[in-house]
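> Sequence plus predicted model, see below.
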Amino acid sequence: MKTTKAIINCTVFDGVGSSTITQGAVLIEGKTISYVGKEDDITITEDIEVIDAQGGFVLPGLINAHDHLSWGYFENETPIEQETLLNRSDGELAIRGIKSGINSIISGVTTVRNCGDVRFVDLDYRHAFQKELFPGPRILVSGPWVVTSYAWITYPGIPTCDGVEEVRKFVRTNLRRGVDLIKIFIGGELLGLCNTNPQQTYISKEELATAIKEAHFHGKKATAHIMSSQSPGFKWAVDAGIDTLDHGIWFTEEDFKLMKSEDIDLVVTGGWWFEGGFADDAYPNAKDILKEWYHRVFNSGVRFAIGPDGRGEVGAMQSEIERLVNYGLDTVTAVQAATKNGAKVCGVENMIGTLEVGKYADILIVDGNPLERISDLRNIHTVIVEGKTQFTKKAGLAINLIVEKN
Ligand SMILES: [Zn+2]
């Protein structure tokens with residue numbers, strides 16, 4: 001079997017800066033990238049497998065920095081009442097997670113940071129992809145959220161923790177099960193779901209600091225659900241050294257600048273909530289909220305990644321990227337939010353997020369040029385994860401079938 005692959009006949013965007021390489025090429029040695037540059041400067045020998053990009057565009061695989069793969073709803077389904085969804089059987093949730101993972105691959109998403117799922121089903125679908133039972137992205141999982149009993153998402157059957165000792169034990173239990181990050185609920189939900197207030201804080205300063213400290217002690221990142229800096233938990237989280245804050249819809253430009261100075265990344269999520277009509281009942285001016293939020297983020301210079309937050313459909317990440325561009329962000333920064341910045345948020349920026357020698361070959365090839373027309377990101381040609389081709393427009397998904405040998 002040929003161990004070296006060469007992607008040729010393409011424009012390459014390595015994602016490090018804003019430049020592209022025309023008539024470019026990428027060499028893959030096993031799982032990693034061994035060359036990024038001009039096609040003229042390499043020699044294609046017989047022992048190299050050639051991937052002809054047919055004049056297409058090569059970029060880092062997309063990184064979805066905030067999702068819940070088992071929460072997606074699919075064709076012929078309306079959004080499912082969340083309580084109903086989370087109380088479905090673990091088997092169904094895991095199957096839904098796998099479906100969303102397959103949809104991710106078809107969409108060129110090669111890494112997903114999964115920010116919470118019930119009863120550790122996220123470990124099950126992570127396992128299914130790791131063992132190549134199904135084609136799927138690399139997944140970082142948080143396991144169950146750190147959530148106190150007087151908080152949102154405390155449905156029957158969802159474990160909670162109160163007091164420093166319970167929080168410490170909760171985090172340690174998650175870590176022992178093998179999660180990749182710790183997810184904490186600070187504030188209420190955007191739409192006031194479960195009678196919560198997005199401006200309120202639902203965890204004490206001490207509990208919050210304990211969860212963050214325990215995660216860091218064991219080498220993991222801590223992230224938190226929070227909508228507003230009116231919530232005192234914002235400052236507590238910053239002071240306790242939180243790594244990333246997710247949502248932040250009512251953060252001010254000053255808050256974003258504080259995050260930037262403290263090296264805390266933002267994860268912008270769920271533009272579809274505002275644009276798709278989902279939030280219209282709660283906020284008649286939903287689109288204005290979205291526009292003003294995006295502009296505060298763009299103007300502040302805070303580093304941010306993006307994620308659809310609970311959509312399992314094909315093209316969900318493309319929709320989030322296009323939305324940024326529609327609201328005035330340049331295409332390079334929008335793509336980097338979904339690649340380089342996503343890797344930083346996941347804490348794997350030394351491994352993925354840009355096309356550089358020595359990094360994992362997580363590569364997306366599309367037809368067209370998304371830096372000129374962002375919707376070209378939907379024209380998926382080939383998706384490669386760690387050097388393995390997972391999807392091509394010609395052959396579809398690469399599914400490993402075990403065939404009995406006679
Ligand atoms: Zn979420």
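Received, thanks.

> ok, now which ones touch the one residue in the stretch 251-400 of the chain that gets nearest to the ion?
Of all residues in the stretch 251-400 of the chain, Asp309 sits closest to the ion, at 4.3 Å by C-beta to the ion. (Each C-beta comes from the backbone N, C-alpha and C, glycine too.) Shown in contact with Asp309 (C-beta atoms under 8 Å, 6 or more residues apart in numbering): His66, Asp67, His68, Cys115, Thr269, Gly270, Trp273.

> Who wins on neighbours among the residues you listed?
Asp67 (30 neighbours; other C-beta atoms under 10 Å).

> That one touches Val112, doesn't it?
Yes: Asp67 lies in contact with Val112 (C-beta atoms under 8 Å); the separation is 5.5 Å.

> who touches both of the two?
Contacts common to Asp67 and Val112, judged by C-beta under 8 Å, 6+ apart, are absent.

> which bits of the stretch 101-250 of the chain sit near the ion?
Counting by C-beta under 5 Å from the ion, the residues of the stretch 101-250 of the chain close to the ion are Cys115.

> need the helices for the stretch 101-250 of the chain, in chain order.
121-130, 163-177, 205-217, 233-239 (DSSP state H, counting those that start in this stretch).

> ok so, going back, let me have the contacts of Asp309 in TSV, adding pLDDT and secondary structure as columns.
Shown next, in TSV, are these (pLDDT from 0 to 100; DSSP: H, G, I helix; E, B strand; the rest coil):
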residue	pLDDT	secondary structure
His66	97	strand
Asp67	96	strand
His68	94	coil
Cys115	96	coil
Thr269	93	strand
Gly270	78	coil
Trp273	76	helix
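
> What is the most widely separated pair among those?
Cys115 and Trp273 (15.1 Å; C-beta to C-beta).

> so who does the residue of the stretch 51-200 of the chain found nearest the ion touch?
Per C-beta to the ion, Cys115 is where the stretch 51-200 of the chain lies closest to the ion, at 4.9 Å. Residues in contact with Cys115, defined by C-beta under 8 Å, 6+ apart, are His66, Asp67, His68, Ser142, Leu181, Lys183, Thr223, His225, Asp246, Gly307, Asp309.

> ok, back up a step: so the residue of the stretch 251-400 of the chain closest to the ion sits in a strand?
No: looking at Asp309 with DSSP: H, G, I helix; E, B strand; the rest coil, it is coil, so not inside a strand.

> What distance do you get for the closest residue to Asp122 other than its chain neighbours to Gly101?
Nearest residue to Asp122, sequence neighbours excluded (C-beta to C-beta, 6 or more residues apart in numbering): Val141, at 3.8 Å. Separation of Val141 from Gly101 (C-beta to C-beta, to the nearest Å): 11 Å.

> Likewise for Glu275?
Relative to Gly101, and taking C-beta to C-beta, Glu275 is found at 25 Å.

> Show me which of the two is the more surrounded one.
Taking other C-beta under 10 Å, Glu275 and Gly101 do not tie; Gly101 has more neighbours (28 against 16).

> how about the more buried one, what does it touch?
Here Gly101 is in contact with Leu69, Val112, Tyr125, Ala128, Phe129, Phe134, Pro135, Gly136, Pro137, Ile139 (C-beta under 8 Å, 6+ apart).

> Of these, which belong to strands?
The strands, defined by DSSP state E, take in Val112, Ile139 from those.

> Just the buried residues of the contacts of Gly101.
Neighbour counting by 16 or more other C-beta atoms under 10 Å classes Leu69, Val112, Tyr125, Ala128, Phe129, Phe134, Pro135, Gly136, Pro137, Ile139 among the contacts of Gly101 as buried.

> Is it possible to get TSV of those that adds pLDDT and distance to Cys346?
Conversion of the buried ones among the contacts of Gly101 to TSV gives the following (pLDDT from 0 to 100; distance: C-beta to C-beta, whole Å):
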residue	pLDDT	distance to Cys346
Leu69	95	15
Val112	98	9
Tyr125	96	17
Ala128	95	20
Phe129	95	15
Phe134	92	21
Pro135	93	20
Gly136	95	16
Pro137	97	11
Ile139	97	10
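
> Greatest separation within the contacts of Cys115: which pair is it?
Leu181 and Asp309 (15.4 Å).

> just for this structure, where's the confidence low?
Applying pLDDT under 70 to the chain flags the ranges 74-83, 154, 191-195, 277-278, 400-406.

> tell me the domain ranges of it?
Here the domain parsing of the chain from automatic domain parsing is 4-60+354-397, 62-346.

> Can you tell me which of the ones you listed is most buried?
domain 62-346 (a mean of 20; mean count of other C-beta atoms under 10 Å).

> Run the chain-centre distance for it.
8 Å (C-alpha atoms, centre = their mean, to the nearest Å).

> Tell me the span between the first and last residue of that domain.
13 Å (C-alpha to C-alpha, to the nearest Å).

> which ones are touching Trp293?
Ile249, Trp250.

> try 7 Å this time
Ile249 (C-beta atoms under 7 Å, 6 or more residues apart in numbering).

> Which strand or helix spans it?
helix 286-300 (DSSP states H and E).

> How about Val325?
Using DSSP H and E, Val325 falls in helix 316-326.

> what residues does the following helix or strand past that helix touch?
Next along the chain after helix 316-326, taking DSSP H and E as the criterion, comes helix 331-337. Contacting residues not belonging to helix 331-337 are listed as Gly15, Ser18, Leu59, Phe304, Ala305, Ile306, Ile321, Leu324, Val325, Pro370, Leu371, Ile374 [C-beta under 7 Å, 6+ apart].

> Met259 and Val302 touch, don't they?
Yes: assessed by C-beta atoms under 7 Å, Met259 is found in contact with Val302 at 5.2 Å.

> Need the overlap of contacts for these two.
Contacts common to Met259 and Val302, judged by C-beta under 7 Å, 6+ apart, are Leu266.

> Who's the closest spatial neighbour of Val171, skipping the chain neighbours?
The nearest residue in space to Val171 (C-beta to C-beta, 6+ apart) is Glu214, at 4.3 Å.
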